[in-house]
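Undergrad: Structure, please.
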Amino acid sequence: MAGNLGQPEYSYYFILEKYLPVLCLIGEVVFVTDPAAQVDSLFDQAQAEGDSAVFLSFTPPHRTTMKLRCPTVCVLAWEFDRIPQESWDPQEPWNNWVDAIREIGNVITISDYATRVITRQVGRGPRVVTIPAPVVTQDATATGVAEPFDEHKSVPPGARELRVTAGIIDSQALDIDTQSVTPKPFNPEFMHEQQAPWDGHPVEWSFSTSSDTGGQYLVGFYGEEAWGCWSKTSSPSIILPWSISGEIELTLELVGYGENRGRVVQVAIGNEVAELELQHELHSHTLRFSIGGHANNIQFSGIRAIPAPGARDHRTLGLGLRSMSLHRAGESDAKRAHLDLQACDDIAQPGESLLALSGPVYTSVFNPADGRKNWHDIVTAFCWSFRDDPEKTLLLKMSHHNRATFLGELLLLFSRLSPFRCRIVAIHGYLSSAQLAELVAVTDYFVNASLAEGQCLPLLEFMAEGVPAISPDHTAMETYINGDNAFVVKSSAQPHIWPNDPRRAYRTISHRIDWDSLRQAYLDSAYVLHNDAAKYRAMSREAAATVRRHYSSSKVGQQLERFLGDVARRARR
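TA: As a prediction, the model looks like this:
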């Protein structure tokens, strides 16, 4: 499971995981991998035994198997104000979700918001109900719940520790300025300790608009263009997603601009430095390094970052980078070809990391490849609020299998926000249930700045343990975010696309976050934590009570049993 974090529609796995214990109490659960071949056979078998069966499809409508004899229920997560109702591919008619849902006949959504949206478009025929994924097993009582927050947690918070077996990117372990982001001298193996070592596979990256991930690793460069990209600082760098050591051969395809044509510049990996002369046109330079320790970045220096006199382009262009290749020095071509067939994602598991936390902790959990999560606002507003306060910490739990989806962007954000003293820590990797519980225990506020949400299980899971939120109250969050359990962030409507529409046509809306409202929520939350312990505890109690009122397993179980039973009875009739 850890290797699939952040894959398309992976959130449906989490919904199924939450439903599963409840479903097992209702009846026998059988998993199918090929619904078209398996479901009707299981249905016939159940009928022969005098029993009933219902197929729950944890997929969007256009991926739900149609025209089965077995009654089918589509379990749907949705977060926009309209579902797809147009056909753009004659070979895929069910891209029109209105037609698909009418064909399926039964839909379970996980939010009241989605139920209203779908019912408004599909009409009275299909049965559409809200049955959210359960978050807690306890029931709310008439008088609320017992104190949900950790009794040992002080308000204001004291020193805490967090141990995780995951990759760590910690702003306090980096030298950060507008020119570069590098490990601090006192901790030269910072990235090595938290990253898998390079396995020796040949790396071939291009840095252009057609490249999938290369630009994610660049710091101090302008955006990619069709041919490659230009540096914008005097010491740009390439941050590697693993640590490298030993005999290395690096090939860079470069060109000089303006006064940098003919200039000798330095290329450093760790403590090893090589030189090359920038040419007037793109030219490949092959450099050899013997790296005794471990390094994770390729640093350029000696570049003149000033606009060329009289040039139409007034950017501070220095060198142009088109591509990079990296391999072990001395390897045969045959061995390189063999290694090139191997996977180039993270190979080794990182070791255990210990984070010492001395003050208030804000946490957000999200898939960085999901544009709805709007994590740049979370980082920039936090940094703007607490720029000069080293005691404030923002933990970003990145739920994605590949750190290339955020590493370059995060380090570039660090560079653009510098100087700052507040602490920002990205945690990358799969956390066990025990480690997630520790993450909740050290958190004072959970932060959400999404443009739209189908339910947001991480937010609910933290709230269930008494962690107040900083969050907007749009889409699914309208059910459980309010001024008693959260600092509510303002938002407004903006045009958006349907996620499965390749035309990328604006057909629906999402919710633009009011950045200054988010910044103010950080400041207000910090004030409450330090100066109003009674209010913080009241918010903590209400956060847990809200989740128990709406998302307890017993309530969800009753709703599921009633609805699925009705679907089965209607099918028999």
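
Undergrad: And for the nearest residue to residue 106 once chain neighbours are set aside, the neighbour number?
TA: In space, not counting the residues next to it along the chain, residue 106 is nearest to residue 73; the distance is 4.3 Å by C-beta to C-beta, 6 or more residues apart in numbering. Backbone N, C-alpha and C define where each C-beta goes, glycine included. By other C-beta atoms under 10 Å, the residues close to residue 73 number 23.

Undergrad: Partner strands of the helix or strand residue 73 falls within, with direction?
TA: Take DSSP states H and E as the rule and residue 73 turns out to sit in strand 72-76. For strand 72-76, the pairing partners within the sheet under DSSP bridges are strand 55-57 (parallel), strand 106-109 (parallel).

Undergrad: could I get these as TSV with mean pLDDT and distance to residue 426?
TA: Shown next, in TSV, are these (pLDDT from 0 to 100; distance: least, C-beta to C-beta, whole Å):
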stretch	mean pLDDT	distance to residue 426
strand 55-57	96	35
strand 106-109	97	32
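
Undergrad: what's the most buried one of those?
TA: Each of the strands paired with strand 72-76 was given a mean neighbour count from mean count of other C-beta atoms under 10 Å, and the largest, a mean of 26, is that of strand 106-109.

Undergrad: quick one on the thing from earlier: wait, doesn't the residue nearest to residue 106 sit right on residue 108?
TA: Yes. Under the contact definition of C-beta atoms under 8 Å, residue 73 touches residue 108, with a separation of 5.8 Å.

Undergrad: so where is the stretch 51-200 of the chain shaky, pLDDT-wise?
TA: 138-153, 179, 185-196 (pLDDT under 70).

Undergrad: Try it again at 90.
TA: Counting by pLDDT under 90, the stretch 51-200 of the chain shows low-confidence ranges at 124, 137-159, 164-169, 173-200.

Undergrad: Quick one: the strands in it, in order.
TA: In the stretch 51-200 of the chain, strands defined by DSSP state E, counting those that start in this stretch lie at 55-57, 72-76, 106-109, 127-130, 160-165, 167-170, 174-176, 181-183, listed in chain order.

Undergrad: any chance of those in JSON lines, with distance to residue 206 too?
TA: Listed next are the strands of the stretch 51-200 of the chain as JSON lines, based on distance: least, C-beta to C-beta, whole Å:
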{"stretch": "strand 55-57", "distance to residue 206": "40"}
{"stretch": "strand 72-76", "distance to residue 206": "39"}
{"stretch": "strand 106-109", "distance to residue 206": "42"}
{"stretch": "strand 127-130", "distance to residue 206": "47"}
{"stretch": "strand 160-165", "distance to residue 206": "33"}
{"stretch": "strand 167-170", "distance to residue 206": "24"}
{"stretch": "strand 174-176", "distance to residue 206": "27"}
{"stretch": "strand 181-183", "distance to residue 206": "22"}
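
Undergrad: most packed of the ones you listed?
TA: strand 106-109 comes out most buried of the strands of the stretch 51-200 of the chain by mean count of other C-beta under 10 Å, with a mean of 26.

Undergrad: quick one, phi psi at the residue nearest the centre of the chain?
TA: By C-alpha atoms, centre = their mean, the mean C-alpha position of the chain lies nearest to residue 367, the distance being 1.5 Å. The phi and psi values for residue 367, taken as degrees, to the nearest 10, are phi -90, psi 110.

Undergrad: pretty sure it contacts residue 406?
TA: No. In this structure residue 367 lies outside contact range of residue 406 using C-beta under 8 Å: 9.5 Å.

Undergrad: what residues are shared contacts of these two?
TA: 398, 400 (C-beta atoms under 8 Å, 6 or more residues apart in numbering).

Undergrad: one step back: would you mind listing the residues touching both of residue 73 and residue 108?
TA: What both residue 73 and residue 108 touch, as defined by C-beta under 8 Å, 6+ apart, is the set 56, 563.

Undergrad: Show me which helix runs longest in the protein.
TA: The single longest helix within the chain, with elements called by DSSP state H, is helix 553-572.

Undergrad: That one packs against which elements?
TA: Helix 553-572 makes packing contacts with helix 11-26, strand 72-76, strand 127-130 when contacts are defined by 3 or more C-beta pairs under 8 Å, 6 or more residues apart in numbering; DSSP states H and E.

Undergrad: Now with 6 Å, please.
TA: For helix 553-572, the packing partners by 3 or more C-beta pairs under 6 Å, 6 or more residues apart in numbering; DSSP states H and E come out as helix 11-26.

Undergrad: Helix 553-572 and the helix it packs on, what's the angle between them?
TA: 80 degrees (axes from the mean of the first three to the mean of the last three C-alpha atoms, to 10 degrees).

Undergrad: ok, and for helix 11-26, which residues are buried?
TA: With burial defined by 16 or more other C-beta atoms under 10 Å, the residues of helix 11-26 counted as buried are 11-12, 14-15, 18-19, 22-23.

Undergrad: Can you name the next helix or strand after that helix?
TA: Next in line after helix 11-26, if elements are assigned by DSSP H and E, sits helix 35-48.

Undergrad: Please state the mean pLDDT value computed over that next one.
TA: Per-residue pLDDT values over helix 35-48 give a mean of 95.
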